[in-house]
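K.L.:
Predicted model, plus sequence, below.
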Amino acid sequence: MVVMNPTGDIAIQERNLILIATGLMLLVIVPVIALTIIFALRYRKGRNPHAYDPHFDHSTKIELVIWTVPLAIIACLGVITWTSTHKLDPFRPLDRISATRPLPDNVKPLDIQVVAMDWKWLFIYPAQGIATVNELELPVDVPVRFSITSTSQMNTFYAPTLAGMIYAMPGMKSMLHAVLNAPGDSWGYSGNYTGAGYQDMRFQLHGVDQNGFERWVARVKSSTDELSTARYLDLDQPSEKVSVMHFSRIAEGIFDRAVNRCIRPGMPCIADVMAKDQATDRGNGPMSSATHEAPMHDATTHASH
């Protein structure tokens, strides 16, 4: 029911898209079901034997109806799908707070970095210098820019009341722009099966006003736990039914190192390896299309392709 009654503008638009698509398809489904019953009653054996025409094989009117109506519905669905795919692109920055409120020019999005682990969610607030596990606090009516990755396997970041499902992939960075329009408590989870602890891989989602968000940040900062490199590596070990954790400080650049899979000291970063390979290829002259593929985008940005 939360999908049909969300509190975030992106999720509301997606809910409306579901309702519109379902309504258009019902324009065919309902008449077909009704006609099935009508035909069974009207043309059953013995109902009206004189109405039987053994030479009937074509009706232009029937052909027009059974082809025109579905084609019109498919055309409408095609237009709606095309426009909504671009409008609701998760990489696309928001241009409004809600259907009745455009986004003010001076509003900056709240940056939150998301790391999917086995089996828990790590949320990093870089501007606030804090991090949490399995707790996501959002100020109401403030646009949020999520940067999303995963440590070991593909997950799906999904908060039904906020927006749709977004893949979290190792070595890549996905993005999601969303906004929460009403305070309240909800939840989120992984929509992609990932093993033994999958069913408990959930996080709490709290929507609060700006003052409430600032008080929460201050409370997290009062924690004595720090998200150091060693602490991150400890968190990255598989664990189930993980309780909420707060970190008052975060190691510098830890999300970028998570994306580039070089958290552990001594591990080369993907972006550095790719840059070195590209420099080597340029030094060797033109690449042969038989032995090389097209150059890849930076590991932190090419997930959208």
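P.N.:
Structure's in. What do you need? Just so you know, these numbers come straight off a predicted model, no measurement behind them.
K.L.:
only C-alpha atoms for contact and neighbour calcs from this point on.
P.N.:
Noted.
K.L.:
Output the helix or strand containing L205 as PDB, nothing but the C-alphas.
P.N.:
When secondary structure is defined using DSSP states H and E, the element that contains L205 is strand 202-208. Included here for strand 202-208 are C-alpha records, laid out as PDB according to Å, rounded to 0.1, in the frame of the first residue of the first chain:
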ATOM      1  CA  ARG A 202      16.300  -3.100   5.700                       C
ATOM      2  CA  PHE A 203      16.800   0.500   6.800                       C
ATOM      3  CA  GLN A 204      14.700   3.000   8.700                       C
ATOM      4  CA  LEU A 205      13.600   6.100   6.800                       C
ATOM      5  CA  HIS A 206      12.600   9.100   8.900                       C
ATOM      6  CA  GLY A 207      11.200  12.300   7.400                       C
ATOM      7  CA  VAL A 208      11.600  15.400   9.700                       C
END
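K.L.:
for that strand, packing partners?
P.N.:
Helices and strands touching strand 202-208, by 3 or more CA pairs under 8 Å, 6 or more residues apart in numbering; DSSP states H and E, are strand 120-125, strand 135-139, strand 184-190.
K.L.:
Make JSON lines out of the ones you listed and add mean neighbour count.
P.N.:
Formatted as JSON lines, the helices and strands packed on strand 202-208 follow (neighbours: other CA atoms under 10 Å):
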{"stretch": "strand 120-125", "mean neighbour count": "24"}
{"stretch": "strand 135-139", "mean neighbour count": "21"}
{"stretch": "strand 184-190", "mean neighbour count": "18"}
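K.L.:
can you put these in CSV and add distance to P170?
P.N.:
Formatted as CSV, the entries for those read as follows, by distance: least, CA to CA, whole Å:
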stretch, distance to P170
strand 120-125, 14
strand 135-139, 21
strand 184-190, 15
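K.L.:
Just put those in CSV and tack on mean pLDDT and distance to A163.
P.N.:
Compiled in CSV, these are given as follows (pLDDT from 0 to 100; distance: least, CA to CA, whole Å):
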stretch, mean pLDDT, distance to A163
strand 120-125, 98, 17
strand 135-139, 98, 13
strand 184-190, 95, 10
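K.L.:
Any idea which of those strands gets closest to S239?
P.N.:
strand 120-125 (7.6 Å; CA to CA).
K.L.:
What strands line up against whatever helix or strand comes next after the closest one, and which way round?
P.N.:
Scanning forward in sequence from strand 120-125, with DSSP H and E defining helices and strands, the next element found is strand 130-133. Applying DSSP bridges to the sheet, strand 130-133 is found paired with strand 120-125 (antiparallel), strand 245-247 (antiparallel).
K.L.:
Any chance of TSV for those, columns distance to P143?
P.N.:
Output for these, formatted as TSV (distance: least, CA to CA, whole Å):
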stretch	distance to P143
strand 120-125	14
strand 245-247	23
